[in-house]
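J.: compute the structure for the input listed below.
(2 chains)
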Amino acid sequence: MLANGMIGAPAWAEISFDERMATVEFRVSERAHIEVDSDVCRSCTTKACVTACPANLFAPTSDGGILFNYEQCFECGTCYLVCNSEGAITWSYPDGGHGVVFRHG
Amino acid sequence: MSLDAVVVGAGPAGSAAALALARAGRSVVLVERGPFPGAKNVYGGVVYGRVLDDVIPRWWDEVPVQRWVVRRSTMVLTDEQAITLDLRSQAWGAEPYNGMTVFRADFDSWLAGHAVAAGARLLTSTVATGLIRDGAGRVCGVRTDRPDGDLPARVVIACDGVNSFLAKEAGLLPRADATHMTLGAKEVLSLPADVIEERFALGPHEGLDIEAIGGTGGLPGGGFLYTNRDSISVGVVVSLTGLAASGRRPEDLIAGFKAHPAIAPYLRGASVKEYSAHLIPEGGYDTMPALAADGFLVAGDAAYMTLAAGIWLEGVNFAIGAGLAAGRAAAEAIASGDVSEAGLGGYRKAMERNFVLKDHKRLRLAPHLVLSERMQQQYTKVICDVAEELFTVTNPAPKPGLLRILLRAIRRRRVRWRDLARDGLDTARTFR
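T.: The predicted model follows:
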(Lines give C-alpha, C1' and ligand atoms only; values in the text may rest on other atoms or scores of the structure.)
Protein backbone atom coordinates (compact mmCIF):
# COMPACT_ATOMS: atom_id res chain seq x y z
CA MET A 1 0.00 0.00 0.00
CA LEU A 2 1.11 3.50 -0.73
CA ALA A 3 1.13 5.87 2.21
CA ASN A 4 -1.23 8.61 1.13
CA GLY A 5 0.01 12.04 0.27
CA MET A 6 3.57 11.07 -0.54
CA ILE A 7 3.24 12.24 -4.11
CA GLY A 8 1.85 15.22 -5.91
CA ALA A 9 1.41 17.59 -2.99
CA PRO A 10 2.37 21.06 -4.24
CA ALA A 11 5.11 22.84 -2.35
CA TRP A 12 3.06 26.04 -2.14
CA ALA A 13 -0.10 24.46 -0.73
CA GLU A 14 -1.17 25.92 2.60
CA ILE A 15 -1.62 22.45 4.06
CA SER A 16 0.04 19.16 3.24
CA PHE A 17 -1.89 16.51 1.38
CA ASP A 18 -1.86 14.36 4.50
CA GLU A 19 -3.45 17.15 6.51
CA ARG A 20 -5.99 17.67 3.74
CA MET A 21 -7.02 14.02 3.78
CA ALA A 22 -7.07 13.99 7.59
CA THR A 23 -10.11 16.31 7.40
CA VAL A 24 -12.18 13.49 5.90
CA GLU A 25 -13.76 10.59 7.80
CA PHE A 26 -13.22 7.09 6.42
CA ARG A 27 -14.66 3.85 7.78
CA VAL A 28 -12.19 1.55 6.13
CA SER A 29 -13.46 -1.78 4.89
CA GLU A 30 -11.40 -4.98 5.10
CA ARG A 31 -12.19 -5.60 1.46
CA ALA A 32 -10.55 -3.45 -1.21
CA HIS A 33 -13.21 -2.00 -3.56
CA ILE A 34 -10.61 -1.04 -6.16
CA GLU A 35 -8.56 -3.55 -8.11
CA VAL A 36 -5.78 -2.61 -10.49
CA ASP A 37 -4.28 -4.97 -13.04
CA SER A 38 -0.74 -3.63 -13.23
CA ASP A 39 0.01 -5.82 -16.26
CA VAL A 40 -2.50 -3.73 -18.22
CA CYS A 41 -1.12 -0.49 -16.73
CA ARG A 42 2.37 -1.24 -18.01
CA SER A 43 1.21 -0.62 -21.56
CA CYS A 44 -0.63 2.61 -20.60
CA THR A 45 1.01 5.80 -21.82
CA THR A 46 -1.20 8.34 -20.03
CA LYS A 47 -1.74 6.97 -16.51
CA ALA A 48 -4.36 9.68 -16.05
CA CYS A 49 -5.55 8.09 -12.78
CA VAL A 50 -2.31 9.19 -11.12
CA THR A 51 -3.01 12.90 -11.45
CA ALA A 52 -6.81 13.04 -11.77
CA CYS A 53 -7.74 11.13 -8.59
CA PRO A 54 -8.71 13.85 -6.09
CA ALA A 55 -7.62 11.64 -3.18
CA ASN A 56 -4.24 10.90 -4.81
CA LEU A 57 -4.62 7.14 -4.44
CA PHE A 58 -2.61 6.01 -7.47
CA ALA A 59 1.16 6.07 -7.90
CA PRO A 60 3.30 4.85 -10.81
CA THR A 61 5.93 2.24 -9.98
CA SER A 62 9.40 2.04 -11.48
CA ASP A 63 8.44 -0.98 -13.60
CA GLY A 64 5.57 0.91 -15.25
CA GLY A 65 2.77 -0.47 -13.09
CA ILE A 66 0.44 1.27 -10.67
CA LEU A 67 0.38 1.10 -6.89
CA PHE A 68 -2.90 2.06 -5.29
CA ASN A 69 -4.56 2.64 -1.97
CA TYR A 70 -8.32 2.12 -1.57
CA GLU A 71 -8.57 3.22 2.04
CA GLN A 72 -9.03 6.96 1.59
CA CYS A 73 -11.22 6.85 -1.50
CA PHE A 74 -13.91 9.50 -2.13
CA GLU A 75 -15.79 6.92 -4.22
CA CYS A 76 -16.17 9.45 -7.04
CA GLY A 77 -15.36 7.15 -9.96
CA THR A 78 -12.81 9.42 -11.62
CA CYS A 79 -10.17 6.67 -11.82
CA TYR A 80 -12.12 4.14 -13.85
CA LEU A 81 -13.65 6.82 -16.08
CA VAL A 82 -10.33 8.42 -17.06
CA CYS A 83 -8.66 5.03 -17.43
CA ASN A 84 -8.09 4.37 -21.13
CA SER A 85 -7.05 0.75 -20.73
CA GLU A 86 -9.99 -1.58 -20.65
CA GLY A 87 -9.90 -3.75 -17.55
CA ALA A 88 -7.02 -2.02 -15.79
CA ILE A 89 -9.14 -0.57 -12.99
CA THR A 90 -12.05 -2.53 -11.54
CA TRP A 91 -14.09 -0.30 -9.28
CA SER A 92 -17.18 -0.92 -7.21
CA TYR A 93 -18.61 0.53 -4.01
CA PRO A 94 -17.14 -0.38 -0.62
CA ASP A 95 -19.30 -2.69 1.50
CA GLY A 96 -22.37 -1.07 3.04
CA GLY A 97 -21.62 1.39 5.83
CA HIS A 98 -17.93 1.54 4.93
CA GLY A 99 -15.83 4.01 3.02
CA VAL A 100 -16.00 7.79 2.98
CA VAL A 101 -18.36 9.70 5.28
CA PHE A 102 -18.83 13.32 4.21
CA ARG A 103 -20.15 15.67 6.90
CA HIS A 104 -20.13 18.88 4.86
CA GLY A 105 -20.64 17.59 1.32
CA MET B 1 -43.06 -11.35 0.64
CA SER B 2 -42.49 -9.04 -2.27
CA LEU B 3 -42.41 -5.29 -1.82
CA ASP B 4 -44.21 -2.87 -4.05
CA ALA B 5 -41.00 -0.95 -4.65
CA VAL B 6 -37.33 -0.70 -3.80
CA VAL B 7 -35.68 2.69 -4.20
CA VAL B 8 -31.89 2.59 -4.34
CA GLY B 9 -30.09 5.61 -2.94
CA ALA B 10 -31.40 7.94 -0.22
CA GLY B 11 -30.28 11.13 -1.93
CA PRO B 12 -32.81 13.77 -3.01
CA ALA B 13 -34.19 11.69 -5.90
CA GLY B 14 -34.50 8.49 -3.89
CA SER B 15 -36.06 10.04 -0.82
CA ALA B 16 -38.55 11.94 -2.98
CA ALA B 17 -39.46 8.73 -4.83
CA ALA B 18 -39.86 6.78 -1.59
CA LEU B 19 -41.93 9.60 -0.11
CA ALA B 20 -44.30 9.61 -3.09
CA LEU B 21 -44.67 5.81 -3.02
CA ALA B 22 -45.27 5.70 0.73
CA ARG B 23 -47.85 8.46 0.52
CA ALA B 24 -49.63 6.50 -2.19
CA GLY B 25 -49.91 3.66 0.33
CA ARG B 26 -47.27 1.44 -1.28
CA SER B 27 -44.74 -0.69 0.60
CA VAL B 28 -41.30 0.69 -0.17
CA VAL B 29 -37.76 0.09 1.06
CA LEU B 30 -35.20 2.86 0.58
CA VAL B 31 -31.70 1.40 0.34
CA GLU B 32 -28.70 3.59 1.23
CA ARG B 33 -25.09 2.41 1.11
CA GLY B 34 -23.80 5.07 3.50
CA PRO B 35 -24.23 4.89 7.27
CA PHE B 36 -26.76 7.74 6.91
CA PRO B 37 -28.35 9.57 3.96
CA GLY B 38 -25.99 12.16 2.48
CA ALA B 39 -22.79 10.51 3.74
CA LYS B 40 -21.63 9.81 0.18
CA ASN B 41 -22.89 13.02 -1.36
CA VAL B 42 -21.14 16.24 -2.32
CA TYR B 43 -22.47 19.26 -4.19
CA GLY B 44 -21.66 22.98 -4.35
CA GLY B 45 -24.05 23.92 -2.79
CA VAL B 46 -27.29 25.59 -3.01
CA VAL B 47 -30.68 23.89 -2.90
CA TYR B 48 -33.68 25.59 -4.49
CA GLY B 49 -36.67 24.46 -2.47
CA ARG B 50 -39.63 25.56 -4.58
CA VAL B 51 -40.13 21.96 -5.76
CA LEU B 52 -40.94 21.01 -2.14
CA ASP B 53 -43.83 23.48 -1.69
CA ASP B 54 -46.57 20.97 -2.54
CA VAL B 55 -44.85 18.08 -0.81
CA ILE B 56 -43.79 19.46 2.57
CA PRO B 57 -45.86 22.57 3.35
CA ARG B 58 -43.75 25.29 5.02
CA TRP B 59 -40.62 23.18 4.58
CA TRP B 60 -38.57 26.28 5.37
CA ASP B 61 -39.65 26.13 9.01
CA GLU B 62 -37.85 22.82 9.51
CA VAL B 63 -35.22 22.36 6.79
CA PRO B 64 -31.63 22.21 8.19
CA VAL B 65 -30.58 25.41 6.41
CA GLN B 66 -27.17 27.05 6.72
CA ARG B 67 -28.01 30.40 5.11
CA TRP B 68 -30.71 31.78 2.83
CA VAL B 69 -29.11 33.08 -0.36
CA VAL B 70 -29.87 36.77 -0.84
CA ARG B 71 -26.78 37.62 -2.89
CA ARG B 72 -25.91 35.88 -6.09
CA SER B 73 -22.75 36.80 -7.93
CA THR B 74 -21.89 35.55 -11.37
CA MET B 75 -18.21 36.12 -12.10
CA VAL B 76 -16.15 35.97 -15.26
CA LEU B 77 -12.49 35.43 -14.45
CA THR B 78 -9.27 35.68 -16.38
CA ASP B 79 -5.89 35.34 -14.68
CA GLU B 80 -5.82 38.94 -13.53
CA GLN B 81 -9.32 40.26 -14.21
CA ALA B 82 -12.78 39.67 -12.83
CA ILE B 83 -16.14 41.03 -13.85
CA THR B 84 -19.03 40.33 -11.53
CA LEU B 85 -22.78 40.61 -11.90
CA ASP B 86 -23.93 40.90 -8.31
CA LEU B 87 -27.62 40.52 -7.63
CA ARG B 88 -29.14 41.08 -4.23
CA SER B 89 -32.77 40.43 -3.35
CA GLN B 90 -34.12 40.82 0.16
CA ALA B 91 -37.23 38.93 -0.99
CA TRP B 92 -35.06 35.80 -1.19
CA GLY B 93 -34.31 36.15 2.51
CA ALA B 94 -37.97 35.88 3.50
CA GLU B 95 -40.73 33.31 3.04
CA PRO B 96 -41.12 31.43 0.78
CA TYR B 97 -37.36 31.89 0.09
CA ASN B 98 -35.43 31.00 -3.07
CA GLY B 99 -32.07 29.27 -2.56
CA MET B 100 -30.41 27.99 0.61
CA THR B 101 -27.01 26.65 1.47
CA VAL B 102 -27.20 23.28 3.23
CA PHE B 103 -24.84 20.40 3.92
CA ARG B 104 -25.94 17.22 2.22
CA ALA B 105 -25.46 15.09 5.35
CA ASP B 106 -28.11 17.32 7.00
CA PHE B 107 -30.42 17.91 4.06
CA ASP B 108 -30.47 14.37 2.66
CA SER B 109 -31.07 12.94 6.14
CA TRP B 110 -33.90 15.41 6.67
CA LEU B 111 -35.62 14.52 3.38
CA ALA B 112 -35.17 10.79 4.00
CA GLY B 113 -36.78 11.36 7.40
CA HIS B 114 -39.91 12.59 5.61
CA ALA B 115 -39.97 9.43 3.50
CA VAL B 116 -39.69 7.34 6.68
CA ALA B 117 -42.41 9.37 8.41
CA ALA B 118 -44.67 8.64 5.42
CA GLY B 119 -44.08 4.90 5.87
CA ALA B 120 -40.99 4.05 3.82
CA ARG B 121 -38.44 1.70 5.39
CA LEU B 122 -34.88 3.06 5.29
CA LEU B 123 -32.08 0.49 5.12
CA THR B 124 -28.74 2.23 5.63
CA SER B 125 -25.25 0.70 5.31
CA THR B 126 -26.60 -1.48 2.50
CA VAL B 127 -25.24 -1.68 -1.05
CA ALA B 128 -27.60 -2.72 -3.85
CA THR B 129 -25.17 -5.01 -5.66
CA GLY B 130 -27.29 -5.96 -8.66
CA LEU B 131 -30.69 -6.40 -10.24
CA ILE B 132 -32.94 -9.43 -9.89
CA ARG B 133 -34.71 -10.35 -13.12
CA ASP B 134 -37.49 -12.80 -13.89
CA GLY B 135 -37.42 -15.37 -16.69
CA ALA B 136 -38.49 -12.75 -19.23
CA GLY B 137 -35.70 -10.37 -18.21
CA ARG B 138 -37.97 -7.97 -16.35
CA VAL B 139 -36.46 -6.30 -13.29
CA CYS B 140 -38.14 -7.61 -10.14
CA GLY B 141 -35.91 -6.56 -7.27
CA VAL B 142 -32.34 -5.93 -6.18
CA ARG B 143 -29.62 -7.98 -4.55
CA THR B 144 -27.85 -6.39 -1.58
CA ASP B 145 -24.72 -7.06 0.42
CA ARG B 146 -26.77 -7.96 3.51
CA PRO B 147 -26.67 -11.62 4.64
CA ASP B 148 -30.32 -12.19 3.65
CA GLY B 149 -29.62 -10.00 0.69
CA ASP B 150 -32.42 -10.16 -1.88
CA LEU B 151 -35.16 -7.54 -1.96
CA PRO B 152 -37.84 -8.66 -4.43
CA ALA B 153 -40.06 -5.82 -5.57
CA ARG B 154 -42.50 -5.03 -8.34
CA VAL B 155 -40.64 -1.87 -9.28
CA VAL B 156 -37.03 -0.80 -8.72
CA ILE B 157 -36.21 2.91 -8.87
CA ALA B 158 -32.50 3.53 -9.33
CA CYS B 159 -31.46 6.79 -7.69
CA ASP B 160 -27.95 5.49 -7.13
CA GLY B 161 -26.08 8.51 -8.32
CA VAL B 162 -23.71 9.54 -11.07
CA ASN B 163 -21.97 6.14 -11.29
CA SER B 164 -25.34 4.29 -11.30
CA PHE B 165 -24.24 0.69 -11.55
CA LEU B 166 -27.90 -0.33 -11.66
CA ALA B 167 -28.70 1.82 -14.71
CA LYS B 168 -25.54 0.40 -16.31
CA GLU B 169 -26.61 -3.16 -15.51
CA ALA B 170 -30.06 -2.42 -16.94
CA GLY B 171 -28.36 -1.34 -20.17
CA LEU B 172 -29.55 2.26 -19.95
CA LEU B 173 -26.13 3.84 -19.38
CA PRO B 174 -22.73 3.09 -20.95
CA ARG B 175 -20.26 1.30 -18.67
CA ALA B 176 -17.80 4.17 -18.68
CA ASP B 177 -18.11 7.51 -20.43
CA ALA B 178 -16.01 10.39 -19.15
CA THR B 179 -16.92 12.86 -21.89
CA HIS B 180 -20.01 14.36 -20.26
CA MET B 181 -18.67 14.35 -16.72
CA THR B 182 -17.14 17.10 -14.67
CA LEU B 183 -15.27 16.68 -11.41
CA GLY B 184 -16.21 18.97 -8.55
CA ALA B 185 -13.53 19.34 -5.89
CA LYS B 186 -14.38 21.35 -2.82
CA GLU B 187 -13.04 22.59 0.48
CA VAL B 188 -15.21 23.65 3.38
CA LEU B 189 -13.31 26.34 5.26
CA SER B 190 -14.01 27.41 8.85
CA LEU B 191 -14.73 31.10 9.31
CA PRO B 192 -16.67 32.69 12.19
CA ALA B 193 -20.24 33.75 11.35
CA ASP B 194 -19.64 37.41 12.19
CA VAL B 195 -16.58 37.50 9.92
CA ILE B 196 -18.62 35.97 7.08
CA GLU B 197 -21.37 38.54 7.59
CA GLU B 198 -18.94 41.45 7.65
CA ARG B 199 -16.83 40.21 4.74
CA PHE B 200 -19.73 39.42 2.42
CA ALA B 201 -22.16 42.16 3.53
CA LEU B 202 -24.74 39.74 4.90
CA GLY B 203 -27.28 39.71 7.71
CA PRO B 204 -27.34 36.94 10.32
CA HIS B 205 -29.19 34.33 8.25
CA GLU B 206 -28.29 35.65 4.82
CA GLY B 207 -25.99 33.91 2.37
CA LEU B 208 -23.95 34.61 -0.75
CA ASP B 209 -23.54 32.39 -3.77
CA ILE B 210 -20.61 33.10 -6.13
CA GLU B 211 -20.39 31.16 -9.35
CA ALA B 212 -17.44 31.83 -11.63
CA ILE B 213 -16.62 30.88 -15.17
CA GLY B 214 -12.86 30.53 -15.54
CA GLY B 215 -10.37 30.60 -12.69
CA THR B 216 -9.53 26.97 -13.36
CA GLY B 217 -6.05 27.30 -14.80
CA GLY B 218 -7.23 27.13 -18.41
CA LEU B 219 -9.27 23.94 -17.97
CA PRO B 220 -12.90 24.03 -19.11
CA GLY B 221 -14.92 24.73 -15.99
CA GLY B 222 -15.40 27.22 -13.23
CA GLY B 223 -15.19 27.92 -9.56
CA PHE B 224 -17.66 28.52 -6.76
CA LEU B 225 -17.89 30.01 -3.31
CA TYR B 226 -20.90 29.59 -1.02
CA THR B 227 -21.39 30.87 2.50
CA ASN B 228 -22.57 28.47 5.21
CA ARG B 229 -23.36 29.52 8.79
CA ASP B 230 -19.79 29.49 10.09
CA SER B 231 -17.90 28.13 7.10
CA ILE B 232 -17.56 28.70 3.39
CA SER B 233 -17.55 26.13 0.62
CA VAL B 234 -15.06 26.89 -2.14
CA GLY B 235 -13.99 24.79 -5.06
CA VAL B 236 -13.79 24.11 -8.75
CA VAL B 237 -15.75 22.12 -11.31
CA VAL B 238 -13.72 20.99 -14.32
CA SER B 239 -14.24 18.82 -17.36
CA LEU B 240 -13.11 15.31 -16.46
CA THR B 241 -11.48 14.66 -19.81
CA GLY B 242 -9.83 18.09 -19.66
CA LEU B 243 -8.51 17.32 -16.20
CA ALA B 244 -7.17 13.93 -17.28
CA ALA B 245 -5.43 15.37 -20.34
CA SER B 246 -3.92 18.28 -18.42
CA GLY B 247 -2.05 16.25 -15.82
CA ARG B 248 -3.13 18.82 -13.23
CA ARG B 249 -4.20 17.75 -9.76
CA PRO B 250 -7.67 18.66 -8.42
CA GLU B 251 -6.38 20.16 -5.16
CA ASP B 252 -3.95 22.33 -7.14
CA LEU B 253 -6.86 23.66 -9.18
CA ILE B 254 -8.72 24.54 -5.97
CA ALA B 255 -5.55 26.27 -4.73
CA GLY B 256 -5.35 28.21 -8.00
CA PHE B 257 -8.95 29.40 -7.70
CA LYS B 258 -8.44 30.31 -4.05
CA ALA B 259 -5.37 32.33 -5.01
CA HIS B 260 -7.20 34.39 -7.66
CA PRO B 261 -6.97 38.07 -6.69
CA ALA B 262 -10.78 38.34 -6.77
CA ILE B 263 -11.23 35.37 -4.42
CA ALA B 264 -8.19 35.25 -2.13
CA PRO B 265 -9.15 38.21 0.11
CA TYR B 266 -12.46 36.49 0.94
CA LEU B 267 -10.62 33.49 2.36
CA ARG B 268 -8.18 35.20 4.67
CA GLY B 269 -7.82 33.32 7.96
CA ALA B 270 -10.05 30.44 6.89
CA SER B 271 -8.82 26.89 7.56
CA VAL B 272 -9.80 23.65 5.86
CA LYS B 273 -12.54 21.76 7.69
CA GLU B 274 -13.28 19.12 5.05
CA TYR B 275 -11.97 18.28 1.59
CA SER B 276 -14.23 16.42 -0.82
CA ALA B 277 -14.84 15.59 -4.46
CA HIS B 278 -17.61 14.15 -6.59
CA LEU B 279 -18.45 13.65 -10.25
CA ILE B 280 -21.24 15.66 -11.88
CA PRO B 281 -23.15 14.50 -14.97
CA GLU B 282 -23.24 17.75 -16.93
CA GLY B 283 -24.12 16.58 -20.42
CA GLY B 284 -27.77 17.56 -20.14
CA TYR B 285 -30.74 16.46 -22.20
CA ASP B 286 -28.89 14.88 -25.10
CA THR B 287 -26.91 12.56 -22.84
CA MET B 288 -29.78 11.37 -20.65
CA PRO B 289 -30.54 7.65 -20.78
CA ALA B 290 -33.91 6.08 -21.45
CA LEU B 291 -35.73 6.57 -18.15
CA ALA B 292 -37.59 3.28 -17.91
CA ALA B 293 -37.34 -0.44 -18.57
CA ASP B 294 -39.66 -3.25 -17.48
CA GLY B 295 -39.99 -2.95 -13.70
CA PHE B 296 -37.30 -0.26 -13.60
CA LEU B 297 -37.03 3.53 -13.43
CA VAL B 298 -34.02 5.81 -13.10
CA ALA B 299 -33.92 9.33 -11.61
CA GLY B 300 -31.55 12.07 -10.46
CA ASP B 301 -27.81 12.01 -11.19
CA ALA B 302 -28.23 8.36 -12.23
CA ALA B 303 -30.22 9.73 -15.19
CA TYR B 304 -27.78 12.63 -15.75
CA MET B 305 -30.38 15.19 -14.62
CA THR B 306 -28.05 17.85 -13.23
CA LEU B 307 -28.61 21.16 -14.99
CA ALA B 308 -25.31 22.85 -15.81
CA ALA B 309 -26.42 25.71 -17.98
CA GLY B 310 -23.94 28.44 -17.13
CA ILE B 311 -26.08 30.93 -15.29
CA TRP B 312 -28.21 28.12 -13.86
CA LEU B 313 -26.44 25.42 -11.88
CA GLU B 314 -29.07 23.20 -10.28
CA GLY B 315 -29.27 19.54 -9.43
CA VAL B 316 -30.93 18.74 -6.12
CA ASN B 317 -34.22 20.31 -7.21
CA PHE B 318 -34.13 18.36 -10.47
CA ALA B 319 -33.46 15.16 -8.53
CA ILE B 320 -36.39 15.83 -6.21
CA GLY B 321 -38.69 16.67 -9.13
CA ALA B 322 -37.70 13.49 -10.93
CA GLY B 323 -37.92 11.36 -7.79
CA LEU B 324 -41.43 12.56 -7.04
CA ALA B 325 -42.53 11.88 -10.62
CA ALA B 326 -40.91 8.42 -10.58
CA GLY B 327 -42.51 7.50 -7.26
CA ARG B 328 -45.96 8.65 -8.38
CA ALA B 329 -45.71 6.91 -11.75
CA ALA B 330 -44.53 3.70 -10.07
CA ALA B 331 -47.45 3.85 -7.61
CA GLU B 332 -49.91 4.29 -10.47
CA ALA B 333 -48.37 1.46 -12.47
CA ILE B 334 -48.50 -0.88 -9.46
CA ALA B 335 -52.14 0.06 -8.85
CA SER B 336 -53.01 -0.65 -12.48
CA GLY B 337 -51.12 -3.96 -12.43
CA ASP B 338 -48.84 -3.05 -15.34
CA VAL B 339 -45.23 -2.33 -14.35
CA SER B 340 -43.81 -2.93 -17.83
CA GLU B 341 -41.83 -0.17 -19.53
CA ALA B 342 -45.07 1.00 -21.14
CA GLY B 343 -46.96 0.80 -17.85
CA LEU B 344 -44.30 3.01 -16.23
CA GLY B 345 -44.48 5.50 -19.11
CA GLY B 346 -46.31 8.00 -16.91
CA TYR B 347 -42.93 8.94 -15.45
CA ARG B 348 -41.50 10.41 -18.63
CA LYS B 349 -44.86 11.97 -19.57
CA ALA B 350 -45.06 13.74 -16.20
CA MET B 351 -41.52 15.06 -16.58
CA GLU B 352 -42.17 16.32 -20.08
CA ARG B 353 -44.91 18.44 -18.50
CA ASN B 354 -42.91 19.68 -15.50
CA PHE B 355 -39.63 21.60 -15.28
CA VAL B 356 -37.29 18.60 -15.27
CA LEU B 357 -37.39 17.72 -18.95
CA LYS B 358 -38.81 21.04 -20.15
CA ASP B 359 -35.82 22.99 -18.78
CA HIS B 360 -33.35 20.35 -19.89
CA LYS B 361 -34.76 20.20 -23.39
CA ARG B 362 -34.79 23.96 -23.83
CA LEU B 363 -31.23 24.26 -22.47
CA ARG B 364 -29.85 21.23 -24.29
CA LEU B 365 -27.11 23.23 -26.05
CA ALA B 366 -26.02 25.07 -22.91
CA PRO B 367 -23.58 22.54 -21.38
CA HIS B 368 -21.64 22.34 -24.63
CA LEU B 369 -21.58 26.14 -25.04
CA VAL B 370 -20.47 26.81 -21.48
CA LEU B 371 -17.61 24.31 -21.53
CA SER B 372 -16.51 25.13 -25.08
CA GLU B 373 -12.94 26.25 -25.68
CA ARG B 374 -14.22 29.52 -27.15
CA MET B 375 -16.41 30.40 -24.19
CA GLN B 376 -13.70 29.46 -21.73
CA GLN B 377 -10.63 30.87 -23.47
CA GLN B 378 -11.83 33.67 -25.71
CA TYR B 379 -15.22 35.16 -24.85
CA THR B 380 -14.46 35.48 -21.14
CA LYS B 381 -11.30 37.40 -21.99
CA VAL B 382 -13.12 39.60 -24.50
CA ILE B 383 -15.73 40.48 -21.87
CA CYS B 384 -13.10 41.35 -19.28
CA ASP B 385 -10.96 43.29 -21.77
CA VAL B 386 -13.93 45.36 -22.93
CA ALA B 387 -14.96 46.21 -19.37
CA GLU B 388 -11.41 47.07 -18.37
CA GLU B 389 -10.78 49.27 -21.37
CA LEU B 390 -14.14 50.98 -20.97
CA PHE B 391 -13.20 52.09 -17.47
CA THR B 392 -9.52 52.78 -18.01
CA VAL B 393 -9.09 56.53 -18.29
CA THR B 394 -6.73 57.27 -21.14
CA ASN B 395 -6.19 61.03 -20.80
CA PRO B 396 -5.01 62.93 -22.65
CA ALA B 397 -6.33 60.64 -25.38
CA PRO B 398 -10.14 60.86 -25.67
CA LYS B 399 -12.30 57.88 -24.71
CA PRO B 400 -12.57 55.30 -27.49
CA GLY B 401 -16.05 54.26 -28.59
CA LEU B 402 -17.52 51.00 -27.28
CA LEU B 403 -17.60 49.45 -30.74
CA ARG B 404 -13.93 50.19 -31.27
CA ILE B 405 -13.09 48.66 -27.88
CA LEU B 406 -15.13 45.56 -28.70
CA LEU B 407 -13.58 45.08 -32.13
CA ARG B 408 -10.11 45.51 -30.69
CA ALA B 409 -10.77 42.91 -27.96
CA ILE B 410 -12.20 40.47 -30.49
CA ARG B 411 -9.10 40.87 -32.64
CA ARG B 412 -6.71 40.62 -29.68
CA ARG B 413 -8.32 37.39 -28.44
CA ARG B 414 -8.42 35.97 -32.00
CA VAL B 415 -12.15 35.33 -31.98
CA ARG B 416 -13.39 34.21 -35.40
CA TRP B 417 -16.51 35.98 -36.64
CA ARG B 418 -17.97 32.74 -37.89
CA ASP B 419 -17.67 31.15 -34.41
CA LEU B 420 -19.05 34.24 -32.76
CA ALA B 421 -22.07 34.30 -35.07
CA ARG B 422 -22.79 30.61 -34.55
CA ASP B 423 -22.32 30.71 -30.77
CA GLY B 424 -24.33 33.91 -30.55
CA LEU B 425 -27.17 32.27 -32.43
CA ASP B 426 -26.98 29.13 -30.26
CA THR B 427 -26.92 31.25 -27.11
CA ALA B 428 -29.89 33.28 -28.26
CA ARG B 429 -31.82 30.12 -29.19
CA THR B 430 -30.98 28.46 -25.88
CA PHE B 431 -31.71 31.28 -23.47
CA ARG B 432 -34.49 33.10 -25.32
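J.: quick check: residues of the stretch 151-300 of chain B near chain A?
T.: Contacts of the stretch 151-300 of chain B with chain A, taken as Cβ under 8 Å from any Cβ of the partner chain, map to B:162-163, B:165, B:176-178, B:181, B:183, B:185-186, B:188, B:228, B:231, B:233, B:240-241, B:243-252, B:255, B:272-279. Using the backbone N, CA and C atoms, a C-beta is placed for each residue, glycine as well.
J.: where along the stretch 51-200 of chain B do the helices fall?
T.: In the stretch 51-200 of chain B, the helices defined using DSSP state H, counting those that start in this stretch lie at B:104-117, B:165-169, B:193-199.
J.: so what touches the longest one?
T.: Looking back up the chat, that one is helix B:104-117. Among residues not part of helix B:104-117, those counted as contacts by Cβ atoms under 8 Å, 6 or more residues apart in numbering or on different chains are A:102-105, B:10-12, B:14-16, B:18-19, B:22, B:28, B:30, B:32, B:36-39, B:41-43, B:45, B:47, B:55-56, B:62-64, B:122, B:316, B:320.
J.: list the ones among those that fall in strands.
T.: Here DSSP state E is the test, and these give B:Val28, B:Leu30, B:Val47, B:Leu122 as lying in strands.
J.: so which of those reach chain A?
T.: Applying Cβ under 8 Å from any Cβ, the subset of those adjacent to chain A is empty.
J.: among those, which two are most distant?
T.: Using Cβ to Cβ, the pair of those lying farthest apart is B:Val28 and B:Val47, separated by 23.2 Å.
J.: of these two, give the one with the bigger neighbour count.
T.: The neighbour count for B:Val28 versus B:Val47, taken as other Cβ atoms under 10 Å in any protein chain shown, is higher for B:Val28 (29 against 25).
J.: that one and B:Ala18 touch, don't they?
T.: Yes. Taking Cβ atoms under 8 Å as the contact criterion, B:Val28 and B:Ala18 are neighbours in contact, 5.1 Å apart.
J.: name the residues contacting each of these two.
T.: B:Ala5, B:Val7, B:Ala115, B:Ala120.
J.: neighbour-wise, which of these leads?
T.: Counting by other Cβ under 10 Å, top hit in the shared contacts of B:Val28 and B:Ala18: B:Val7 with 38 neighbours.
J.: is chain A within reach of the helix or strand that residue falls within?
T.: Take DSSP states H and E as the rule and B:Val7 turns out to sit in strand B:3-8. No. Using Cβ under 8 Å from any Cβ, strand B:3-8 never reaches chain A; the gap is at least 11.2 Å.
J.: number of residues surrounding B:Gly315?
T.: Counted with other Cβ under 10 Å, B:Gly315 comes out at 25.
J.: what does B:Tyr48 give?
T.: Number of residues near B:Tyr48 (other Cβ under 10 Å) recorded here: 18.
J.: low-confidence regions, chain A specifically.
T.: Scanning chain A for pLDDT under 70 picks out A:1-13.
J.: for chain B, give me its nearest residue in it.
T.: Nearest residue of chain A to chain B: A:Gly97, at 2.9 Å (Cβ to the nearest Cβ).
J.: so who does the closest residue to that residue other than its chain neighbours touch?
T.: Among residues not flanking A:Gly97 along the chain, B:Ser125 sits closest, at 2.9 Å (Cβ to Cβ, 6 or more residues apart in numbering or on different chains). The contact partners of B:Ser125, taken as Cβ under 8 Å, 6+ apart, are A:Gly96, A:Gly97, B:Glu32, B:Arg33, B:Gly34, B:Pro35.
J.: so where do the strands sit in chain A?
T.: Shown for chain A, the strands assigned by DSSP E span residues A:25-27, A:34-36, A:58-60, A:66-68, A:89-91, A:99-101.
J.: which residues of the stretch 251-400 of chain B score low on pLDDT?
T.: In the predicted model, the stretch 251-400 of chain B carries no residue with pLDDT under 70.
J.: how about the strands of it, start to end?
T.: Along the stretch 251-400 of chain B, the stretches classed as strands by DSSP state E, counting those that start in this stretch are B:271-281, B:292-293, B:296-298, B:307-309, B:312-314.
J.: list the strands paired with the last one, with their directions.
T.: Spelled out, it's strand B:312-314. Next to strand B:312-314 in the sheet, as set by DSSP bridges, lie strand B:307-309 (antiparallel).
J.: what's next to the strand it pairs with, contact-wise?
T.: Under Cβ under 8 Å, 6+ apart, the answer for strand B:307-309 is B:182, B:280, B:282, B:284, B:313-315, B:318, B:359-360, B:363, B:366-367, B:370, B:430.
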